[in-house]
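>>> here is a sequence together with a model predicted from it:
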Amino acid sequence: MKSPAISTNDEIKSSDSLIVNNLKVWFPIKSGVIQRTIGYVKAVDGVSFSVKKNETLGVVGESGSGKTTLARAILRLIKPKDGSVYFSGVNVVKANRRQMKMLRRKMQIIFQDPYASLDPRQTVSSLLREAMLIHGITKNKNEATQKSLELLGKVGLDEEHLYRFPHEFSGGQRQRIAVARALVANAEFLILDEPTSFLDVSVQASVLNLLKDLQKEFNLTYLFITHNLAVVHHMSDRVAVMYLGKIVELADKDSIYHDPKHPYTYQLMAAIPLPEPEAKKKEVLLEGDVPSPINIPPGCRFHPRCKYATEKCRKEEPSLVERDGHLVACHSEVDFSAKKKTGESANE
Amino acid sequence: MNDQANENETVLEIRNLKVNFHTYRGEVKALNGVDLKLRTKEVLALVGESGCGKSVTVQTLIGLLPENAFVLEGEMILNGKDLLKNTKEEMRVLRSHTLAIVFQDPMTFLNPVLTIGTQLEEVFTLQKDLLAEATTIEKSKRELKFADFIKRESFETPHKNVKASRREIKKVTKKLCADILSLVKLPDPERILKQYPFELSGGMRQRAMIAMALARRPSIFIADEITTALDVTIQAQILHLLKELRDKIDASTLMITHDLSVAAETADRIAVMYGGNVVEVTFTPDLFKKPLHPYTQMLLNAIPNIAKPTDRLESIPGTVPEMINPPFGCRFHPRCKYAMDVCTKERPKLEEVEKGHEVACYLY
Amino acid sequence: MKRFFKGRSGELAARWADLRFALYLMRRNPLVLVGSALSIFFIVLALVANLIVDPALADQFKFAQSYGWNNPLFSWGPGTASLGGKEVFYLGTDGYGRDLLKMIILAIPLDIGLAFFITLSAAAFGITIGALAGYAGGVIDEAVLRITDIFFAFPGLLLALVFAAVFGRTITNLAFAVLLVWWPTYVRLMRGQVLAEKEKTYVEALKALGAGHFRTLFRHIIPNSIYPILVQMTLDLGGVILTFSALMFLGFSPSPALPELGNLASDGIAHVFTAPWLIFFPGLTILIIALAFNLLGDGLRDVLDPRLRR
């Protein structure tokens, strides 16, 4: 499933579920007694992509990449500075109250920390009922209980769990509850913000399986955000790699791993520890620390750490263009496939 | 990967360690007879999910169990002495130069109001012999490098005989600090010594912590989930650093992690823990090629593997056992597809089934 | 009634189990048990005081006895019997010849009632304003903060004096004065709690769900932030009694014969060497009440500490 290039005007294809166009989220830095804005933290700085119906788009990046902010901006939990987000024919960024109500029903999010995303004073039954109330599903108590039990069954929980408090559940179970809540009003689009990073490996496996099953059963579209590259490979159809607020590469999952075109993607893939002790280890090391979005380097954001940086890279910011079925933002067209075949290190 | 581990001696041996906790809801039987052997100069990874008891094992090892914990039975033998019989003071001394531990979150571990330099100096101050030797070297105008001290067991000049002024000792300490920071690949050590922990990034703090651990010249280096909180590229850097340091230091490393892939990359041998027991121990390649214990097998199938993608991951049915009323016999039996009658009666002991490969299971 | 419970029985059962755990924690500490028992005792006493003791007794001034007041031939201390041997004054008599024990009992509903009134009003007021300020932020928050700053600057005693001078020396006015000095603490406390709570993930989850501000604030944030306020309230119960009694003691009392603990004590100041029981027993009562509620507050704080419970 190779992705076509994204047009930078607000073109809406019927096969797309979500279209993000040039989204920018800037946080002002204030200083002084009168709190003047002296600068911005450009957490998300011009991101464009689309997500097809029923597909899973994975977004990977390290800390400071802006992926978490991106998720929140798409749902308008944070107000973007610029750009548009189209879903169901509505621009989320500029939606009015009535439209937001509809959007809040159809677009949901599962958070990373299962221990903090549920109100500790609410039982499962109460929180499911509340979701129903907010979305105007049903006020009849019996119907509500019925539907709650149905949802719990779908996520692998039982009747006995209905009247328990969040602290009586394990992390994996809490995530399931969060998923049940998201599905109360027949959501279509789910953002999964690191849903399994706090979970144990075996629990993660069952939650990921559940997510895949639900996607098939309810025709859901997922935006899967994580820093765990193995998980994102397992779950996604296409993967976008973010660095310092921009997408540097977007391709289908196999191409991203086996044929990366951006130097950062290459380093990222090389850094993943594999459960294969015999695998030949390339001595590739990305030097330096993950940067912060307060001081963004001029030109290409990755150039201070890039081994292939040229003068052009220091001055001009590359745009996301298509190359061999990938979307890449890089001036130097490095061919990493050659290096992979010979097993050479990337240190030149 | 060091295949000669078999020949080396055992530095640390844990035998049948049982530790319980008193809580409101009852007795938590956290450790149920842990058996573990750590050999000289090897890297042993202790792998397990939450609740398996790896943190409790580490806490017992360094002598920092909480108040409501107590050791039921078992032994922890380090260099011939049973650690469990040590007094608090003896454990403190051990922690200052034999057992070094680096934790997951350096931010909560480093003192936020002291500079890195101050904290590093503190570690050196406790090692008078080292300082004495260092001043001697300094006086004779030879080059002073920390790396020289790592492998030394005793020093040529006992500290009582060396007369060194405070200033000289301070100078030497500072040199050693700067040198050790460059050993852990921190750029511009002089500047870092003057900085506070919050001024450093996560990866740099972790390196500083490793430096502080190394400064103790430990015989056992414990890394408790040190890369869990780091980004994947920084994690790669730290793991690479550990591999490099491995050849330079004399210590055995006990690496605690929940990530089997990290263990695959760094460890010589891997010990898998479940429900308060070690269920399988063997050399790293063997664990992945031929996992014997059912839990290990299912665990490996639950990890998404880029090299071998599947549609569904195998999840382990059931949940982690609740430690107040753990299952009788083998604690894994309720979730095990091969469970037999004997599994419910008595806990299987860790036995060597093949060369260097130990399992605790009645299947073998 | 039955229908009301049918859908909620599971819910109630869950909350009941939760409460039992909380009570268990409280039972473990003996001091807390003592405090709770005493607190309950005083509350009950406050409710039935006017039934056990005839309030009219407060207005009876037995001149004959008060005449023999400082007379060493007659001693009206604790345990003495009246002229004619009809009653025994277990705690002695006060300056007006009234049975001190009975006066103390009559004073309790007034003091406890005031304590609850002032604390609850201050809390109610402070919670709403504090929560709104913390949640809304911005200009509203700034405005509320400045206003509370102004009120914090008021010395309580002076305010009471001003009130008494301007509006007259009644219980209500004095209660008002104390209330005015008391409420800003709750605003600050609640605001701080709400500020912290609204950053939590579950609040963001509610927003993503489409929950409105009202629902989020009143059904989720406030109930989760209220624990320190409850603790503060129990501590304040003792504090208010002390403050009010102090005011009475200093002479702000509307009428010198009013049965109020501080007032009763103030009578005894002049006779501290000859009739020490006058100051001692009312003072001791104040101490015990304040201590009881304080201990209760301590216990509550331990119980409600989120780290211990969850």
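Everything's here; your move.

>>> show the contacting residues for the residue nearest to A:Cys306 when sequence neighbours are not counted.
Closest residue in space to A:Cys306, ignoring its immediate chain neighbours: A:Pro263 at 5.0 Å, by C-beta to C-beta, 6 or more residues apart in numbering or on different chains. Glycine gets a C-beta too; all of them are placed from N, C-alpha and C. A:Pro263 makes contact with A:Phe302, A:Cys306, A:Lys307, A:Tyr308, A:Cys330, A:Ser332, A:Val334, according to C-beta atoms under 8 Å, 6 or more residues apart in numbering or on different chains.

>>> 7 Å instead?
A:Phe302, A:Cys306, A:Lys307, A:Tyr308, A:Cys330, A:Val334 (C-beta atoms under 7 Å, 6 or more residues apart in numbering or on different chains).

>>> quick one: mean pLDDT for stretch B:350-362?
What stretch B:350-362 shows for mean pLDDT is 89.

>>> distance from it to the middle of the chain?
Remark: stretch B:350-362 is offset 23 Å from the chain centroid, using C-alpha atoms, centre = their mean, to the nearest Å.

>>> show me what counts as buried in it.
B:Leu350, B:His357, B:Glu358, B:Val359, B:Ala360, B:Cys361, B:Tyr362 (16 or more other C-beta atoms under 10 Å in any protein chain shown).

>>> quick check on the fourth one: phi, psi?
Spelled out, it's B:Val359. For B:Val359, the backbone dihedrals are phi -130, psi 150 (criterion: degrees, to the nearest 10).

>>> isn't it up against B:Pro294?
No. Using C-beta atoms under 7 Å, B:Val359 makes no contact with B:Pro294, being 9.8 Å away.

>>> filter the buried residues of stretch B:350-362 down to the ones near chain C?
For chain C, no contacts are drawn from the buried residues of stretch B:350-362 by C-beta under 7 Å from any C-beta of the partner chain.

>>> from the residues you listed, pick the one nearest chain A.
The closest of these to chain A turns out to be B:His357 (C-beta to the nearest C-beta; 14.6 Å).

>>> nearest residue to that closest one other than its sequence neighbours?
Nearest one to B:His357, counting by C-beta to C-beta, 6+ apart, is B:Thr282 at 4.0 Å.

>>> cool, B:Leu260 as well?
A:Pro275 (5.2 Å).

>>> tell me the SS of that neighbour?
coil (DSSP: H, G, I helix; E, B strand; the rest coil).

>>> residues contacting it?
Shown in contact with A:Pro275 (C-beta under 7 Å, 6+ apart): B:Leu260, B:Ser261, B:Ala264, B:Phe288, B:Leu300, B:Ile303, B:Asn305.

>>> ok, of those residues, which one's closest to B:Asp148?
Ranked by distance to B:Asp148 (C-beta to C-beta), those are led by B:Ala264 at 32.9 Å.

>>> just checking, the closest one touches A:Pro277?
Yes. The pair B:Ala264 and A:Pro277 qualifies as a contact (C-beta under 7 Å) at a distance of 4.4 Å.

>>> which two among the buried residues of stretch B:350-362 are spaced furthest apart?
B:His357 and B:Tyr362 (16.0 Å).

>>> does the residue of the stretch 51-200 of chain B found nearest chain A sit in a helix, a strand or a coil?
At 8.3 Å from chain A, B:Gly51 is the closest residue in the stretch 51-200 of chain B, using C-beta to the nearest C-beta. What three-state DSSP gives for B:Gly51 is coil.

>>> for the residue nearest to it when sequence neighbours are not counted, what are phi and psi?
Computed as C-beta to C-beta, 6+ apart, the closest residue to B:Gly51 that is not its neighbour in sequence is B:Val320, at 4.6 Å. B:Val320 adopts backbone torsions of phi -60, psi 140, taken as degrees, to the nearest 10.

>>> same check, this time on B:Ala229
phi -90, psi 10.

>>> could you do the one 3 residues further on as well?
Here the main-chain torsion angles of B:Val232 (degrees, to the nearest 10) amount to phi -70, psi -40.

>>> just checking, what packs against the helix or strand hosting the residue nearest to B:His357?
Using DSSP states H and E, B:Thr282 maps to strand B:277-283. Other helices and strands packing on strand B:277-283, by 3 or more C-beta pairs under 7 Å, 6 or more residues apart in numbering or on different chains; DSSP states H and E, are strand B:26-39, strand B:269-274, strand B:357-359.

>>> ok so, going back, need the buried residues of stretch B:350-362 in JSON lines (columns: distance to C:Asn263).
JSON lines is the format used below for the buried residues of stretch B:350-362 (distance: C-beta to C-beta, whole Å):
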{"residue": "B:Leu350", "distance to C:Asn263": "78"}
{"residue": "B:His357", "distance to C:Asn263": "86"}
{"residue": "B:Glu358", "distance to C:Asn263": "82"}
{"residue": "B:Val359", "distance to C:Asn263": "82"}
{"residue": "B:Ala360", "distance to C:Asn263": "77"}
{"residue": "B:Cys361", "distance to C:Asn263": "81"}
{"residue": "B:Tyr362", "distance to C:Asn263": "82"}
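
>>> contacting residues around residue 209?
Just so you know, I chose chain A. With contact set as C-beta under 7 Å, 6+ apart, A:Asn209 has these partners: B:Arg312, B:Leu313, B:Ser315.

>>> please refer instead to chain C.
Contacts of C:Leu209 (C-beta under 7 Å, 6+ apart): A:Arg104, A:Ala131, A:Ile134.

>>> how about CSV for these, with pLDDT and neighbour count added?
Output for the contacts of C:Leu209, formatted as CSV (pLDDT from 0 to 100; neighbours: other C-beta atoms under 10 Å in any protein chain shown):
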residue, pLDDT, neighbour count
A:Arg104, 91, 21
A:Ala131, 90, 24
A:Ile134, 89, 19
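
>>> ok, so of those residues, who is nearest chain B?
Distances from chain B to the contacts of C:Leu209, taken by C-beta to the nearest C-beta, are shortest for A:Ala131, at 25.6 Å.

>>> for that closest one, which non-adjacent residue is spatially closest?
In space, A:Ala131 is closest to A:Val184, 4.1 Å off (C-beta to C-beta, 6+ apart).

>>> distance of the one you found relative to A:Leu118?
To A:Leu118, A:Val184 is 14 Å away according to C-beta to C-beta, to the nearest Å.

>>> again, but for C:Gly238
37 Å.

>>> same question, C:Thr172
Using C-beta to C-beta, C:Thr172 is found at 46 Å from A:Leu118.

>>> in the strand or helix carrying C:Leu110, which residues are buried?
Assigned by DSSP H and E, C:Leu110 falls within helix C:100-136. Neighbour-count burial for helix C:100-136 flags C:100-112, C:114-115, C:118-119, C:121-123, C:125-127, C:129-135 (criterion: 16+ other C-beta under 10 Å).

>>> how about the residues of the stretch 101-250 of chain A near chain B?
Proximity of the stretch 101-250 of chain A to chain B, by C-beta under 7 Å from any C-beta, involves residues A:170, A:200-202, A:205-206, A:208-209, A:227, A:229-231, A:233-234.

>>> could the residues you listed go into TSV alongside secondary structure and pLDDT?
Shown next, in TSV, are these (DSSP: H, G, I helix; E, B strand; the rest coil; pLDDT from 0 to 100):
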residue	secondary structure	pLDDT
A:Ser170	coil	84
A:Asp200	coil	86
A:Val201	helix	87
A:Ser202	helix	86
A:Ala205	helix	90
A:Ser206	helix	90
A:Leu208	helix	93
A:Asn209	helix	92
A:His227	coil	87
A:Leu229	helix	87
A:Ala230	helix	89
A:Val231	helix	91
A:His233	helix	91
A:His234	helix	92
